[in-house]
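structure, please.
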Amino acid sequence: MAKKNRFLKLLADKVANNLLEKEYVIADDPESFKEKVYNILYEDYVAEKELEEEAERIIQENAEEVTYRGVSIHKARKLIKEKLAKERGISVVGSIFSRDKANYLAGKILRLILTDDELDYTQERGIIRAAIVKSFEEVAALRREIDQKVREKIASHSRPIYEGTPEWYALYRRYYNEELIERGLIEPES
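Numbers count the residues shown, from 1 in each chain. Have a look, this model is predicted:
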């Protein structure tokens, strides 16, 4: 099995654990429930990445046209992603932690809960959906907190390390992983 995206795994576990601990959802197999939630998140993540890659390819192929029309690359990328998403029937694009995306994915997870024979629910749909969205907000806040701490560590070096440089990215990844390990969110690699 491929290595899982750590924040998607963290988010899937957070969603499932919150619902299971509050007994909003009762699962025959809690690990299977977590896996199903992860798969919903991962499928959306892959679709989003494919849109980004396709938009980037289109921008590269039409760089002169984009420049000629005076459209910023950021704006062109956004417009292209929206058009591609519409063509592919993807209703919400953007960061997994945006409000729209969280609500969209909460709806997909809620449908899983309502239709999976291995799952039962004890609360109204709105309460379950709100708990799912709250899980997204909690993980997003954790990501912001870790990001801030990592940036502070990099800034505390005796000589300046400028964001965007290979050295900055290497330190960022290292400190980010250290922070995740320190918080018990991932296991150290042996």
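
now do the helices in this structure.
Here the chain has its helices, by DSSP state H, at 6-21, 30-61, 63-69, 73-87, 99-115, 125-155, 166-182.

could you tell me the least trusted of those helices?
Confidence, taken as mean pLDDT, is least for helix 63-69 of the helices of the chain (a mean of 80).

report the buried residues of it.
Using 16 or more other Cβ atoms under 10 Å as the test for burial, helix 63-69 gives residue 66. Just so you know, the C-beta spots here come from the backbone N, C-alpha and C atoms, and that holds for glycine as well.

for that helix, what is the distance to the chain centroid?
With Cα atoms, centre = their mean, to the nearest Å as the basis, helix 63-69 stands 31 Å off its chain's centre.

got it, and stretch 153-160?
Relative to its chain's centre, stretch 153-160 lies at 29 Å (Cα atoms, centre = their mean).

and it, end to end?
End-to-end distance for stretch 153-160: 11 Å, by Cα to Cα, to the nearest Å.

what pLDDT is listed against residue 3?
59.

point out the most buried one among the helices of the chain.
Of all the helices of the chain, helix 6-21 has the most neighbours on average by mean count of other Cβ atoms under 10 Å, namely a mean of 20.

related to what we said a few turns ago, can I get the helices of the chain in JSON lines with distance to residue 189?
Output for the helices of the chain, formatted as JSON lines (distance: least, Cβ to Cβ, whole Å):
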{"stretch": "helix 6-21", "distance to residue 189": "12"}
{"stretch": "helix 30-61", "distance to residue 189": "20"}
{"stretch": "helix 63-69", "distance to residue 189": "39"}
{"stretch": "helix 73-87", "distance to residue 189": "34"}
{"stretch": "helix 99-115", "distance to residue 189": "29"}
{"stretch": "helix 125-155", "distance to residue 189": "18"}
{"stretch": "helix 166-182", "distance to residue 189": "9"}
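
wait, which of those is closest to residue 93?
Judged by Cβ to Cβ, the one of these that comes nearest to residue 93 is helix 73-87, at 4.7 Å.

check what contacts that closest one and list those residues.
51-52, 54-56, 58-59, 66, 71, 91, 93 (Cβ atoms under 8 Å, 6 or more residues apart in numbering).

ok, 6 Å please
51, 54-55, 58-59, 66, 93 (Cβ atoms under 6 Å, 6 or more residues apart in numbering).

stretch 98-109 too?
With Cβ under 6 Å, 6+ apart as the test, stretch 98-109 has contacts from 37, 40, 92, 94, 129, 132-133, 136.

apply 8 Å and report the result again.
In this structure, residues lying in contact with stretch 98-109 by Cβ under 8 Å, 6+ apart are 15, 37, 40-41, 44, 91-96, 129, 132-133, 136-137.

now do stretch 149-160: distance to the chain's middle.
A distance of 26 Å separates the centroid of the chain from that of stretch 149-160, by Cα atoms, centre = their mean.

endpoints of it, how far apart?
Stretch 149-160: ends 17 Å apart by Cα to Cα.
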